[in-house]
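Peer 1: sequence and predicted model, in that order:
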Amino acid sequence: MFKNFFVTTFRNMRRSAGTSVINIVGLAMGMAVAMIIGLWIHDELQVNKNFPGHERISQVMLTGTFSGEMETDPGNPAPLAAQLRTDYSSEFKTVSLATHAIPHIFSVGEKKLNATGMFADSYFAGLFSVKPAAGTTNITSANQVLLSQSLARSLFGDANPVGRILKIDSKDLLTVAGVYPDFPKASYFGDVDYLGSWNYYLANNPGADQYWEMCYFYIFTRLTPGTDNAQASHKIANLLKPHLTDINPVFSLHPMDKWHLYETFKNGKNVGGRIQYVWMFGVIGFFVLLLACINFMNLSTARSERRAKEVGVLKTMGVRRSQLIARFIGESILITFGSFLLGIFLVFLSAPLFNRVVGSQIYIPAGSLQFWLMCIGFVVFTGFVAGCYPAFYLSSFKPVKVLKGNIVAGRSAATPRKVLVVLQFLTSIFLIIATTIVLQQLNHARSRPLGYSNKGLINIPVTTDLLRKNYDVLKQDLLQSGFVTRVSLSSQAINAHKGSSGGYKWTGMTAKDGAVCETVNIDEDFSSTVNWKFKLGRNFSKAFPSDSSGIILNEAAVNYMGLKNPVGSSIEVFRQRFHVVGVVQNTISNAPFSSISPAAFFLIGPTRIPAGNITVRLSPVKSARESVAFLKNVFNKYNPDAPFEYYFADQQYAQAFNTVIATGYLGAFATGLALFISCLGLFALASYTAEQRTKELGIRKVLGASVFSIWRLLSKEFILLTGVGFIIAVPLVYWCMSRWLDNYVYRIAISWEVFAFTGIIALLITLLTISFQAIRAAIANPVKALRNE
């Protein structure tokens, strides 16, 4: 029985070789896309799930009103951790306090490495189940440190690092207490290469655990059994209000299972985040697979006339309809299995490219039994979806009519096929419009004025006190070299403002105006180095000693404060008076899609935050490679205790577009693939339509019909179906993409030209696809068509 099933299946495939190839290739492409996206979604859903008890771990978030806008951030005051442990022990089983990820220089002998990690209290390792690969994870001294396996190997090679001494930032000695397995790169702690002692951090930052106003630290918790996030959030919501009143602070808990995919907050509420891309790619994968299944359905029913007699004979011999349905679905699953083998090969070939575009690490888990069981289910599901309609349709034929030849399969199946064709066009048009809007939003953000020139601009972190001491001679060497045109010092890079502070007061402000500004300290050369554009006033200058109490504001700060004549205005910052010397054009200092935050710039001085960044503008007449090599030699000369580290400002800015670029590329790829699959099916369907109407077309030609009239006759139905798909797709894609654009402050408005352009493209693709078969049928010799009559 099984042998007969396989023989007849392959015989039918060979009899309609062209259709079979289209079915197998179309299904293979659809299944490959679905598998790649499925593997990526699986990885995304598993992020942070490797931590035992992750479902009960949360992070404390602080929501406040800053310069009129409500923002939510993981930065919290350190004293909160102790209060949660003592006053709310019934809600929190464990509370851990840690810094954000901080870069430091670790050196052993002549070997020096930049490493990023956290300083955490003794509860951290237990909360996140950090197990020792060597030594212990229990730090008992301020001068002990834990290293990841990769960092320990880089510093000590294959030697046992436990008990060894290393130097941090070329000044303090730390003892390696233990080594832990690297955190997964995709996890929340993926960039944590070391775990230092919280007591070491306090020794270098006295009083950090005392001030409620310093909201810089991360607090992680594990809830007690029976306590949920909503209950605990409600109890701790107002704990900061007695200490900080000007921002209306509210604490809440963000569960670990949402850190990766639901990281975005708006007006204090969690509104999603990366999950939108998971849904987007998931929907794309589903619809591309659906298009391939629709092709299979259409082509199977279109050639039903060829199998009608087979159904009639089998029914006459006593085969029940349920057996026929099982037979046809079995054929579909067998063809789908062939497509799956081709699809898995396509996944193997395309996974490296997908990983580069998306920044993921997907692979085919060939050694996983669960993966192959899911693949079997995937094949059966796809085969059933693709084959169910043809199976029910073919098995419905009446044997008497079939054996008399009284069946015209194409006509009787016309309406369901038209619905499926409309669905194909709808999906393709939806993807074209959506991808076009994503690319327009990307180009819109890329063309946004920066407010400075990032071409040839390099940011170099100031990592040691020695570099600060040698800055003047280093600057002189750089400027005299011919490789550099400008050099400046600042507390932060122009494109990475990370610190904001409140306490700003000005004439005319109201109680609700409390401003929080990005606070940056700069020297007199910063403006000319980054090519600032002044709207009012001037830059800091050594010719004006009073500039030590001067301040430069950006346009956003002036607008928020409502300063009519800002230059010369007096502003109080932490009980100290400053006068505005200039107003600069807004600069994009962080995300290119967000609004510009108010910013205040102070002149670097003995009492200000020490410089943390050197900004260098390269000479345009020298090659970047030669310039960087020269910079490395000079910095190694004046800062021998640290490896040379640098970042091109334009490359850093470009990284902010990675997610949208990946979305655009994948959308364009999926759209192209969807169109290709649709065109394959449309081409085959047009050929069967022309074949079924061969005699009708022959009679029309004998009666004098022109080639154009026959082409129009065969094309108008498909053009009408394209129009119906377009009409349905337009409101759907408008609604979906409007929701997507709502995530961006700086966004485009969806224009009618996108829809008009897509409609024209869809029409042209339809005409080009079917015209070959239509013209071929129109110019065919009518004698051959009527020979049998």
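Peer 2: Arrived safely.

Peer 1: Pro449: neighbour count?
Peer 2: The number of residues packed near Pro449 is 10, by other C-beta atoms under 10 Å. No exception for glycine: its C-beta is placed from N, CA and C like everyone else's.

Peer 1: what's the answer for the one 5 residues further on, then?
Peer 2: Other residues near Asn454 number 22, with proximity taken as other C-beta under 10 Å.

Peer 1: and it, what does it touch?
Peer 2: Contacts for Asn454 (C-beta atoms under 8 Å, 6 or more residues apart in numbering) come out as Ile494, Asn495, Ala649, Asp650, Tyr653.

Peer 1: poorly predicted segments of the stretch 251-400 of the chain, please.
Peer 2: Scanning the stretch 251-400 of the chain for pLDDT under 70 picks out 299-311, 313-315, 393-400.

Peer 1: could you check how far Gly64 is from Ala556?
Peer 2: Look at Gly64 and Ala556: by C-beta to C-beta, to the nearest Å, they are 18 Å apart.

Peer 1: oh sorry, the question was meant for Phe630
Peer 2: 37 Å.

Peer 1: now swap in Met70 and tell me
Peer 2: 16 Å.

Peer 1: same deal with Val283?
Peer 2: With distances taken as C-beta to C-beta, Val283 is found 37 Å from Ala556.

Peer 1: for Asp43, same thing?
Peer 2: 38 Å.

Peer 1: of the two, which one has the most company?
Peer 2: Of the pair Asp43 and Ala556, Ala556 is the one with more neighbours under other C-beta under 10 Å, namely 18 against 15.

Peer 1: you'd agree that one is in a strand?
Peer 2: No - according to DSSP: H, G, I helix; E, B strand; the rest coil, Ala556 belongs to no strand; its state is helix.

Peer 1: was I right to think Thr116 contacts Leu195?
Peer 2: No - counting by C-beta atoms under 8 Å, no contact exists between Thr116 and Leu195, whose distance comes to 11.4 Å.

Peer 1: more neighbours: which of these two?
Peer 2: Taking neighbours as other C-beta under 10 Å, Thr116 and Leu195 compare with Leu195 leading, 26 against 14.

Peer 1: so who does that one touch?
Peer 2: Gly117, Met118, Phe119, Ala120, Phe124, Ala125, Val130, Thr137, Ile139, Val145, Leu146, Tyr180.

Peer 1: may I have the beta-bridge partners of it?
Peer 2: Met118, Leu146 (DSSP bridges).

Peer 1: can you start the count at 58 instead of 1 from here on
Peer 2: Okay, residue one is now 58; in that scheme the one you just asked about reads as Leu252.

Peer 1: ok, and the most crowded of the contacts of Leu252?
Peer 2: Busiest of these [other C-beta under 10 Å] is Leu203, holding 28 neighbours.

Peer 1: for that one, give its distance to Met175.
Peer 2: Distance, Leu203 to Met175, by C-beta to C-beta: 10 Å.

Peer 1: run the chain-centre distance for the helix ranked longest in the chain.
Peer 2: Taking DSSP state H as the criterion, the chain has its longest helix at helix 378-415. Chain-centre distance of helix 378-415: 27 Å, with C-alpha atoms, centre = their mean, to the nearest Å.

Peer 1: which is the next helix or strand following that helix?
Peer 2: Next along the chain after helix 378-415, taking DSSP states H and E as the criterion, comes helix 426-451.

Peer 1: now that next one: buried residues?
Peer 2: 432, 435-436, 439-440, 442-448, 450-451 (16 or more other C-beta atoms under 10 Å).

Peer 1: next, format these as TSV and append distance to Gly166.
Peer 2: Formatted as TSV, the buried residues of helix 426-451 follow (distance: C-beta to C-beta, whole Å):
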residue	distance to Gly166
Cys432	51
Phe435	54
Val436	57
Thr439	59
Gly440	63
Val442	63
Ala443	64
Gly444	68
Cys445	69
Tyr446	72
Pro447	72
Ala448	73
Tyr450	77
Leu451	78
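
Peer 1: nearest to Ala725 among the residues you listed?
Peer 2: Thr439 (24.5 Å; C-beta to C-beta).

Peer 1: quick one: contacts for that closest one?
Peer 2: By C-beta under 8 Å, 6+ apart, Thr439 lies in contact with Leu84, Met88, Leu346, Cys350, Thr393, Phe397.

Peer 1: check the offset of the helix or strand where the second one lies from the chain's centre.
Peer 2: In this structure, Met88 is located in helix 74-103 according to DSSP H and E. Relative to its parent chain, helix 74-103 has a centroid offset of 21 Å by C-alpha atoms, centre = their mean.

Peer 1: give me the pLDDT value at Ile293.
Peer 2: pLDDT for Ile293: 90.
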